[in-house]
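>>> need a structure here:
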Amino acid sequence: MPPKRKAPASDAALYPRKVKIQKKKQATAQQKAELDKRTKWFQQYADKDDADIIPPDGCQKLFEDLGVSLESAIPIIVGWKMGGTTMGYITKEQWIKTMESTGSTTPADFKKTLQEWELQVSQDPLQFKQLYLFTFNYVKSASQKSMEVEMAIALWHILLEHTYPIITSFTQFIQEKKPVKVVNKDQWSSLLDFCIAVPEDLANYDSSSSWPVLFDDYVEWRQQQRM
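Take a look at the predicted model:
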């Protein structure tokens, strides 16, 4: 007795498979189209000699086009979110990965993302602390262990002053008394904790606490100012 032949699949049975294949093709085409948009957008700011990186002048133009002030925290937030290692530089890999994760293919899309990031950082103390600690290595010269005083002061005004008024007098002390030539990582990291723990009037400052000597000198200066 000859073996039974398998009945050919009907069009109705094949329809779901055809739909899946069609949807997969559409998704692939859409992904390619989005990648092309992101790549062309990146190329508007890329270095002429290295097409895989946006240099400082390109970053400046990017933020200008996005309506972002270079004196705001947003450029630092962007560097942090993109996994940057050096301020003023964005690699193509960082760009594509970030734009894919945020679903951004246009400046308008990314502007919304920037607003969300800024809000998250302002409302979440943990995220803000991560951003603040990230900033030290991101901004300082790669060849140096410390940060230039002028740069540190500018960043403290941007990152801390609006939340912690004590920064105004602290930076005044740094500028007038010139107690340090550079700001090291411990001083940078501890300042945020100092701002959180000590109010502007220094009411609960404890000289026996293990703050960096720089902070003790600042408190002493403040007390002398009151005399």
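
>>> Check which element follows the helix or strand bottoming out on mean pLDDT in the chain along the chain.
Using mean pLDDT, DSSP states H and E, the weakest-scoring helix or strand in the chain turns out to be helix 11-43, at a mean of 76. Next in sequence after helix 11-43, counting helices and strands by DSSP states H and E, comes strand 53-54.

>>> which helices and strands does that next one pack with?
strand 90-91 (3 or more C-beta pairs under 8 Å, 6 or more residues apart in numbering; DSSP states H and E). C-beta here means a position set from N, CA and C on the backbone, and glycine is covered the same way.

>>> one more time with 10 Å
In terms of contacts (3 or more C-beta pairs under 10 Å, 6 or more residues apart in numbering; DSSP states H and E), strand 53-54 is packed against helix 11-43, helix 56-65, strand 90-91, helix 92-102.

>>> now those in a markdown table, with mean neighbour count and distance to residue 83?
Converted to a markdown table, the helices and strands packed on strand 53-54 look like this (neighbours: other C-beta atoms under 10 Å; distance: least, C-beta to C-beta, whole Å):
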| stretch | mean neighbour count | distance to residue 83 |
| --- | --- | --- |
| helix 11-43 | 11 | 16 |
| helix 56-65 | 15 | 15 |
| strand 90-91 | 20 | 9 |
| helix 92-102 | 17 | 6 |
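
>>> got TSV for those, with distance to residue 149 too?
Output for the helices and strands packed on strand 53-54, formatted as TSV (distance: least, C-beta to C-beta, whole Å):
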stretch	distance to residue 149
helix 11-43	35
helix 56-65	21
strand 90-91	27
helix 92-102	29
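
>>> closest to residue 73 out of the ones you listed?
Of all the helices and strands packed on strand 53-54, the one in closest proximity to residue 73, counting by C-beta to C-beta, is helix 56-65 (12.0 Å).

>>> Contacts for the closest one, please.
By C-beta atoms under 10 Å, 6 or more residues apart in numbering, the surrounding residues in contact with helix 56-65 are 41-42, 44-48, 54, 68-70, 72, 74-75, 78-79, 84, 86-90, 95, 107, 110, 114.

>>> Write a PyMOL command that selects only the buried members of these.
Of the contacts of helix 56-65, the buried ones go into a single PyMOL selection, burial set by 16 or more other C-beta atoms under 10 Å:
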select buried, resi 41+42+45+46+54+68+74+75+78+79+84+87+88+89+90+95+110+114
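
>>> pretty sure residue 172 is touching residue 178, no?
No. Contact criterion C-beta atoms under 10 Å: residue 172 and residue 178 do not qualify, at 11.6 Å.

>>> These two - which one has more neighbours?
Neighbours per residue, other C-beta atoms under 10 Å: of residue 172 and residue 178, the larger number sits with residue 172, 15 against 9.
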